[in-house]
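**Student:** Have a look at this prediction, sequence included:
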Amino acid sequence: MSTHVPAGYKWWTGGKSPFNVSYGKLMMWVFLLSDTFTFGALLISYGTIRVSHNYWPDPNHVFNAFPLMGHANLPLAFVSLMTFILIMSSVTMVLAVHEGHKRNRAGVEKWLLWTILGGSLFLSCQAWEWTHMITGSHSVLIDGKIQEIGSTITRNPYGAVVPGLLDSHGHAVTTPGPVGFGGFFFGITGFHGFHVFSGVCLLALAYFWTRGGRFDRLGHYEMIEKIGLYWHFVDLVWVFVFLCFYLI
Amino acid sequence: MSQHEHDHHTHAAAASPEITFEHEPAPNTKRIWKTFWILLCLTIAELALGLSHYAFDLHGWILLFLKGGMIILSLAKAVYIVSIFMHLGDEIRNMRLTVLVPLLLFIWFILAFLWDGVAWKDLRNKYDKAPPTEQVQPHGEQKPGHLN
């Protein structure tokens, strides 16, 4: 896709939009810009709390489970799959936009369905990961007693290892980790997951509008582009959630 | 396209009257798939860096360098997603700058808040330590501003 604008063309002389995009698309960009700062503020506050602690759990030790693999130690494997699913759904979304430019209704429908599938898969993965985090308990030394706790917004079992202390299963016992960990993890991945969920709803709506011939009657598929912008933004946010929670 | 006239709406079904110069549809999906492979390679490189500080016991500057590498790779991914998938690279300069210039605020935002976090950690380490009992002075001898 390209735009050919004559050299020296004057955009600010009035009578036209100086942005060369429709009002709806411009407003979608403005919304995404504001959402960028919302997510930015959340991630930066997480960073502030994290660097204010001497100890913070290592993601390689926290995120090492995979569905149906029992207690196998597979650091970052599941979140890599989730990342791949989201990148793939971004590709199918941009292919839907591409078909929309060509006004090919069948193509738009096909790629929207693939994108909805990708988004739903991602949400399912996140549901599994949350369940695993909350219910998967670890031995933690609290008030001189070994207790089994999972990760919640008030409890973090991923503290420093207590030297020489093993539980009845022979696993190392830890102290409670910084309490902010769960709040930021569930808060930020939850807010991102809520965006994915809204995106899937919008995509489903777009799919039924496309099937009903709405965009053929309008003569353009710009709504697919606008929802596409939102969907890519969700993928973009995941790039940074992935960086801040799982990699660093 | 040379047949584009000044202020002339070329397509009958232009998406909106705000669009002066219609975007040409891309001829094929080559660029999309190329971007997909680039994003996949960048993600694999990120994972390799992320797992390397699990496989090897890394500390200090090497670990910081590794984290810097992961941040740069993530920013590269962001550029590809915004420029190619969101087509911002195809928009005119006014549009691009309207979106990108406000993001400069993040430079201050990140620096100021992480700085504050580090300062907080320094305060914790200075004052929150449980002091060995023999060094604790009786309350009467402590003066304001001389807690240490």
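**Tutor:** Looks like it came in fine. Keep in mind it's a predicted model, so treat the numbers as computed, not measured.
**Student:** Show the subsequent helix or strand relative to the least confident helix or strand in chain A by mean pLDDT.
**Tutor:** Using mean pLDDT, DSSP states H and E, helix A:59-62 stands out as the lowest-scoring helix or strand of chain A, at a mean of 85. With elements assigned by DSSP states H and E, the helix or strand that comes after helix A:59-62 is helix A:77-101.
**Student:** any idea which helix or strand comes after that next one?
**Tutor:** helix A:105-135.
**Student:** got the buried residues for the helix or strand that that next one is followed by?
**Tutor:** Tracing the chain past helix A:105-135, the next element assigned as helix or strand by DSSP H and E is strand A:138-142. Across strand A:138-142, burial judged by 16 or more other Cβ atoms under 10 Å in any protein chain shown covers A:138-141. (C-beta placed from N, C-alpha, C; glycine too.)
**Student:** can you redo those as a markdown table with distance to B:Thr20 and pLDDT?
**Tutor:** Converted to a markdown table, the buried residues of strand A:138-142 look like this (distance: Cβ to Cβ, whole Å; pLDDT from 0 to 100):
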| residue | distance to B:Thr20 | pLDDT |
| --- | --- | --- |
| A:His138 | 61 | 89 |
| A:Ser139 | 66 | 90 |
| A:Val140 | 63 | 91 |
| A:Leu141 | 68 | 91 |
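**Student:** near chain B, from those?
**Tutor:** The subset of the buried residues of strand A:138-142 within reach of chain B, by Cβ under 8 Å from any Cβ of the partner chain, is empty.
**Student:** Of those, which is the nearest to chain B?
**Tutor:** Of all the buried residues of strand A:138-142, chain B sits closest to A:Leu141, with 16.8 Å by Cβ to the nearest Cβ.
**Student:** Quick check: the closest one touching A:Gly164?
**Tutor:** No - taking contacts as Cβ atoms under 8 Å, A:Leu141 lies outside contact range of A:Gly164: 11.6 Å.
**Student:** low-scoring pLDDT stretches of the chain, where are they?
**Tutor:** All of this is about chain A. Along chain A, segments meeting pLDDT under 70 span A:1-2.
**Student:** hmm, I had chain B in mind actually
**Tutor:** B:1-15, B:130-148.
**Student:** So which residues of it form helices?
**Tutor:** B:30-55, B:60-80, B:93-100, B:105-123 (DSSP state H).
**Student:** A:Met27: which of the ones you listed is closest?
**Tutor:** helix B:93-100 (11.9 Å; Cβ to Cβ).
**Student:** Just confirm yes or no for the closest one near chain A.
**Tutor:** Yes - using Cβ under 8 Å from any Cβ, helix B:93-100 reaches chain A at B:94-95, B:98-99.
**Student:** Out of these, the closest to A:Gly213 would be?
**Tutor:** Nearest to A:Gly213 among the residues of helix B:93-100 next to chain A, with distances taken as Cβ to Cβ, is B:Met95, at 30.4 Å.
**Student:** so who does that closest one touch?
**Tutor:** A:19-21, A:26, A:29, B:88 (Cβ atoms under 8 Å, 6 or more residues apart in numbering or on different chains).
**Student:** Try it again at 7 Å.
**Tutor:** A:19-21 (Cβ atoms under 7 Å, 6 or more residues apart in numbering or on different chains).
**Student:** overlap between those and the residues near chain B?
**Tutor:** A:19-21 (Cβ under 7 Å from any Cβ of the partner chain).
**Student:** Would you mark the buried spots in the one helix or strand A:Gly199 maps to?
**Tutor:** Secondary structure from DSSP H and E places A:Gly199 in helix A:180-211. For helix A:180-211, the neighbour count (16+ other Cβ under 10 Å) marks A:180-186, A:188-189, A:192-193, A:195-197, A:199-200, A:202-203, A:206-207, A:209-210 as buried.
**Student:** How about it and chain B, touching?
**Tutor:** No - residues of helix A:180-211 are not located near chain B by Cβ under 7 Å from any Cβ, the shortest gap being 11.1 Å.
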